[in-house]
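**Student:** Sequence plus predicted model, see below.
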Amino acid sequence: MTTLRHPAQHLLENLDGFRVEVDAEKQRADIILARPPFNIISMPERDQLRLVFEALDEDERVRVIVLRAEGEHFSSGGDIKGFLEASPEHVSKLAWNVAAPARCAKPVVVANRGYTFGVGFEISLACDFRIASETTQYALPEQKLGQIPGSGGSARLQKMVGITRTKDVVMRSRRISGKQAYDWGVATEVVPDAELESATDKLVAELVGFSPIAQRTAKKLLNDTEDASLSASIELEGHCYSRLRSSDDFREGVEAFHGKRAPVFRGR
């Protein structure tokens, strides 16, 4: 039998600037940016991060993926010199790589603290849940380099906060605090810096308790209907609801509810 290999398999052999930890008991995988103090994200690292997200999405041990960082800053952004050295083809893939968390069927949680700039902010915006420390500062500072965000940052931010606030952040390279991001609806939660890890752990434990198939369905439905009309969104929601009615997890949820016990979901 022919042995198949992914053409980018070699990229996973030596991870550049981050590491991966899988806790099968907690059904959790952590992607940890590990180039402190600023966790600058290199061009090769972007390709590797995409592949790692894709691999973890297929890993049966993992229910929830967490993106976090070592040190006092999540990431001050990308390797500036790398943009000048990269080929046009490589640069054209920036947004696709950074959107990997959004494409994952599984929930993705990001824990932000300190500087969360440029691609650090952009990849955080592609995650499902953003837990921000009170020390967090979000920014898209590309205007200071004579550029604009190139990995989906301005587009995603505008969907969340509207054109006026996005222009204020992008066109002025303005920083916003974790608290302000929470007030604007960008951060899911803002916590004291010392509580960032525990808040992340708590959210992961909560998400693991839900039905995997219901979580996957909810994420895809919400992503797919973000730009849809209200009527189209309601129609698609109805089809998704109908499909879940025949799932084992829904039957288990109903039986557990009536039996006054905790459900045991298996993702089927």
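**Tutor:** On my side now, so go ahead.
**Student:** For the rest of this, base every contact and every neighbour count on C-alpha atoms.
**Tutor:** Noted.
**Student:** pLDDT weak spots in this protein?
**Tutor:** 1-11, 82-84, 86, 89-90 (pLDDT under 70).
**Student:** wait, what's in contact with the spatially most central residue of it?
**Tutor:** Centroid-nearest residue in the chain, with C-alpha atoms, centre = their mean: residue 127, separated by 2.0 Å. Taking C-alpha atoms under 8 Å, 6 or more residues apart in numbering, we find residue 127 in contact with 101, 102, 107, 108, 109, 110.
**Student:** can you rerun that using 10 Å?
**Tutor:** By C-alpha atoms under 10 Å, 6 or more residues apart in numbering, the contact set of residue 127 is 65-67, 98-104, 107-110.
**Student:** swap in residue 53?
**Tutor:** Each residue near residue 53 by C-alpha under 10 Å, 6+ apart is listed here: 29, 31, 59, 65, 67, 97, 99-104, 106, 108.
**Student:** got the residues you listed as a markdown table, with secondary structure, neighbour count and distance to residue 140 columns?
**Tutor:** Output for the contacts of residue 53, formatted as a markdown table (DSSP: H, G, I helix; E, B strand; the rest coil; neighbours: other C-alpha atoms under 10 Å; distance: C-alpha to C-alpha, whole Å):
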| residue | secondary structure | neighbour count | distance to residue 140 |
| --- | --- | --- | --- |
| 29 | strand | 23 | 28 |
| 31 | strand | 20 | 22 |
| 59 | coil | 14 | 33 |
| 65 | strand | 24 | 24 |
| 67 | strand | 22 | 19 |
| 97 | helix | 19 | 18 |
| 99 | coil | 21 | 16 |
| 100 | helix | 22 | 19 |
| 101 | helix | 27 | 19 |
| 102 | helix | 20 | 19 |
| 103 | helix | 20 | 22 |
| 104 | coil | 22 | 24 |
| 106 | coil | 25 | 27 |
| 108 | strand | 27 | 21 |
